[in-house]
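J.: Fold the following, please.
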Amino acid sequence: MRFSLFSPILLAFAIFIGSCKNDGSKENDFKGGNKVVRIAEVIIPVNIFPHRITNIVEGLIASQIHEGLVRVNPKDLSLMPGLAEKWEIDPDGKTITFHLRKGLKFQDKDGVEGNITSKDVKFTFELLCTDRPGNVHFHTVCKDRVVGANEFYQESMKGKKGQLKGFKVIDDLTFSITLLNSPSIFLEILANPVAAILSEQAYNLKKEASFVGAGPFVLDEKTSTKTHYALYKNINYYAKDKEGKSLPYIDSVIIDIVSSTEVALQRFQNGNVDFIGSVPSNQLRQVVEENIKSFKGSPPAFILDQRPEMGTSYYVFNINKAPFNNLKLRQAINYGIDRAKIIDRVLNGQAYGPAINGIVPPTFEFYKSYTIKGYEFDLEKAKKLLTEAGYPNGKGLKEIELIVNSGNSRNNTVAAEIQKQLKNNLNINVTFESLPNPEKFDLQLKGKGDMFRDGWVADYPSPESFLSIFYGANVSGDTTIMAYPNTIKYKNAEYDKYYEMGRDAINRDSAAVSFLKAEQILMNDAPIIALWYESNCRLIKTRLKNFFVNPIRYFDFTQVIIEDKKVEEKK
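T.: Next up is the predicted model:
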C-alpha cells in the first residue's frame, strides 16, 4: 500500500520566555559579542575535522567553521555559489570549470596568511584522495567520481604521491575537475562540509587538529570543550548582503551538547537555548496542551515545527556472524515488528510513517519509493520464516543483544517496545544496552553486538546518499577494517551493480530506475530493520529571523537576525 504523508504541521505558541540566563558555561574569554544564537544537541561530536565527520552534529559544527565551493540554500535545498562564484559544465557533460571569488581568505588563526587560490583547492582534493587514518570521505567525494582519484589513492597507500589527473589548475582563481559520471550529484556533494576547502598552511602546522576554515564562524578554542562549542564571527568572511553589509549579522553561535532531549527541552523552556531539533516524544503532547492556551502574544515567542525530513531510523543486524548471518531469521524479525504501533504508542505520532517501503524516505518526488516491497507486520509470515530459519517459536535462539545510543529517551522506549513485541510475537528474547554514541559506534564498527540502533539523514538531497551506506566495493574480506559509511560491511554484487549504474547515470530519472532495483535487493536481503521515516518536532524562538529548517538538517546562520521584541499580550 502506498503511504500517504502526514501534512506538515506548523504550530505557533505565544509563551513569554525570559531573557537568556547564564547556565554555568565558562565564557569569560569568549569573543562572541552580544548577538548570540544558542543550540542544544545530544549527539556527542568525536571529531569535527571535515574528513572525519560521521554524525550530524559534527557536520553542524564543521559547516560553520568551513565552507566549500558550493553551498545549499537552506530554504529549498537548491545549490548556490560558495567559495566558487560560478562554474560551467563543458559540453561533454563531465568537466566542470570553477571560478573562485577574488580576495578570499581563510580565518585569521594560527598565522595563516594570503588569499585562497586554486592551489588550496588542489591541496584539499589531493588530501581527500590520500590514504590516511581518519579519512573516511574519500569514498564520499572522490572515489569512482573524479578522474584519477582511485589511482592517486592507490599510490598514496604505497607512500607515493601521484598525479590527480582529473584536477587541472588553470590560474590562481580558475580550475577544472573532470568526472567519470554525471556532475549533478557531485555538485550536491561539494556542498557538504566533508568537501570543505582547507588551508595547506594550517594543515601542515596542526594536521587534523587544525580548525582553520573559510566559513562564517571561527571556533574559539580557548573556551570550547567537547560539550560546548563556541564560535564567533569570521571578520574575513566574504559574503555581504544587498546593501554591502558584511555577513553574518550575528556575533556568535554556541552549541551545547547536553545529556538528553529532556535536558535540551528544559533549557529551551528556561530561556537558555534558541533552538532544539527534537522535542522528546513522551513530552510532545504535554508541550502542546500546556502552551496552546497561552497563545496570546503577538508575535509568538516560539514556533513548534514538524515536517518530513530526509531521514530514516532503523536497526542494523551484525550480518557477519551467527545468528544474523541467517537470512530467514532477519526476514522473520522484520515481519514480526509492528512499526505502526511503535509510531502510535511510543513516538506519539512524531514520525511521518512506518518504513515499510525501504530505507529511502518518500521525500523525493522523482523516486517511486512506494514501489519498494519492504516489511509490513505479518505474524504468520514471521513465524513461518522463523521455523525455516531453524528456530521454531524461538527455540534454540540465543538472547539477542541490542545496543542503542543514549541521549534520546525514545531510543530506550523504542528498544523496550521492540523487545516486548519480539518476545510476545516470536518468543525471541532481547536485551538492550544504552551507550554514548561514540562507544556504540565503536562497537558497531568492530562487530561486537547483535543489533544496533542507527539512523541516516541525507548528506545531499538524493536517494544515493541512503544507498551509499550499503555499497560493498570498499568492504574487504577482513571485517575488522572500517568501510565507512558501510558500517555493517554489507556486500552483495548485484546490489553494487545497480548502485553503480545509478551513481553513473546521465540524469536523475535514469539513476532512479537503477537505485530502485538496488534498494529492492537490499530489502530482500534484510540486513537492516527499517523502522520509520523521520518527522521531528523542533522548537525555534521567533527572535531568530531568516532561520530556516529543512529536510537535511542543514543550518545556515549567515543571514540570521536576532530581534528581541517584548511579546505583546492580546486582551
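J.: residue ranges with poor pLDDT in the chain?
T.: Counting by pLDDT under 70, the chain contains low-confidence residues at 1-30, 32, 291-299, 477-482, 565-571.
J.: domains for it, by residue range?
T.: Taking automatic domain parsing as the domain assignment, the ranges for the chain are 67-214, 311-533.
J.: Same list, those domains, but as TSV with distance to residue 277 please.
T.: Backbone N, C-alpha and C define where each C-beta goes, glycine included. Converted to TSV, these look like this (distance: least, C-beta to C-beta, whole Å):
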stretch	distance to residue 277
domain 67-214	14
domain 311-533	10
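J.: can you put those domains in CSV and add mean neighbour count and distance to residue 35?
T.: Rendered in CSV, the data for the domains of the chain read as follows (neighbours: other C-beta atoms under 10 Å; distance: least, C-beta to C-beta, whole Å):
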stretch, mean neighbour count, distance to residue 35
domain 67-214, 18, 19
domain 311-533, 19, 28
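J.: Pull the contacting residues for the closest residue to residue 426 other than its chain neighbours.
T.: Closest residue in space to residue 426, ignoring its immediate chain neighbours: residue 336 at 4.7 Å, by C-beta to C-beta, 6 or more residues apart in numbering. With contact set as C-beta atoms under 8 Å, 6 or more residues apart in numbering, residue 336 has these partners: 377, 379, 382, 383, 386, 421, 422, 425, 426, 428.
J.: Among those, name the ones in helices.
T.: For those, membership in helices holds for 379, 382, 383, 386, 421, 422, 425, 426, with DSSP state H as the criterion.
J.: Nearest residue to the third one in space, please, no chain neighbours.
T.: If I follow you right, that is residue 383. Leaving aside its sequence neighbours, residue 383 is closest to residue 426 (6.8 Å, by C-beta to C-beta, 6+ apart).
J.: now swap in the fifth one and tell me
T.: What sits nearest to residue 421 in space, not counting adjacent residues and going by C-beta to C-beta, 6+ apart, is residue 337, at 5.7 Å.
J.: still on that earlier bit, make TSV from the ones in helices among the contacts of residue 336 and add distance to residue 543 to it.
T.: Formatted as TSV, these follow (distance: C-beta to C-beta, whole Å):
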residue	distance to residue 543
379	51
382	50
383	55
386	54
421	43
422	46
425	48
426	51
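J.: which stretches of the stretch 401-550 of the chain form strands?
T.: Along the stretch 401-550 of the chain, the stretches classed as strands by DSSP state E, counting those that start in this stretch are 430-435, 451-457, 528-533, 537-541, 544-545.
J.: Can I get the ones you listed in a markdown table including distance to residue 202?
T.: Rendered in a markdown table, the data for those read as follows (distance: least, C-beta to C-beta, whole Å):
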| stretch | distance to residue 202 |
| --- | --- |
| strand 430-435 | 34 |
| strand 451-457 | 29 |
| strand 528-533 | 39 |
| strand 537-541 | 34 |
| strand 544-545 | 31 |
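J.: To residue 90, which of those strands lies closest?
T.: Between residue 90 and the strands of the stretch 401-550 of the chain, the shortest gap by C-beta to C-beta is with strand 451-457, which sits at 32.7 Å.
J.: So which elements touch the closest one?
T.: Packed against strand 451-457 by the contact rule (3 or more C-beta pairs under 8 Å, 6 or more residues apart in numbering; DSSP states H and E) you find strand 311-317, strand 400-405, helix 409-426, helix 437-446.
J.: Now do whatever helix or strand comes next after the first one: everything it contacts.
T.: This means strand 311-317. Counting by DSSP states H and E, the next helix or strand C-terminal to strand 311-317 is helix 327-335. Contacts made with helix 327-335 from outside it, assessed by C-beta under 8 Å, 6+ apart, are listed as 317, 319, 323-324, 374-379, 381-383, 385-386, 388-389, 391, 397, 422, 426, 428, 525-527, 529.
J.: which residues are contacting stretch 91-106?
T.: Stretch 91-106 is contacted from outside by 69, 81, 83-90, 112, 114-118, 121, 170, 172-183, 186-187, 199, 202, 212-214, 236, 238, 506, using C-beta under 8 Å, 6+ apart.
J.: Which of those fall within helices?
T.: Secondary structure of the contacts of stretch 91-106 is defined by DSSP H; positions in helices are 118, 121, 183, 186, 187, 202.
J.: Pick out the most distant pair among these.
T.: Top of the distance list for those (C-beta to C-beta): 183 and 202, 29.1 Å.
J.: ok so, going back, JSON lines for the contacts of residue 336, including distance to residue 510?
T.: JSON lines is the format used below for the contacts of residue 336 (distance: C-beta to C-beta, whole Å):
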{"residue": "377", "distance to residue 510": "34"}
{"residue": "379", "distance to residue 510": "39"}
{"residue": "382", "distance to residue 510": "36"}
{"residue": "383", "distance to residue 510": "41"}
{"residue": "386", "distance to residue 510": "39"}
{"residue": "421", "distance to residue 510": "40"}
{"residue": "422", "distance to residue 510": "40"}
{"residue": "425", "distance to residue 510": "41"}
{"residue": "426", "distance to residue 510": "41"}
{"residue": "428", "distance to residue 510": "42"}
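J.: you'd agree residue 560 is up against residue 547?
T.: Yes. A contact is recorded between residue 560 and residue 547 when judged using C-beta atoms under 8 Å, the distance being 5.0 Å.
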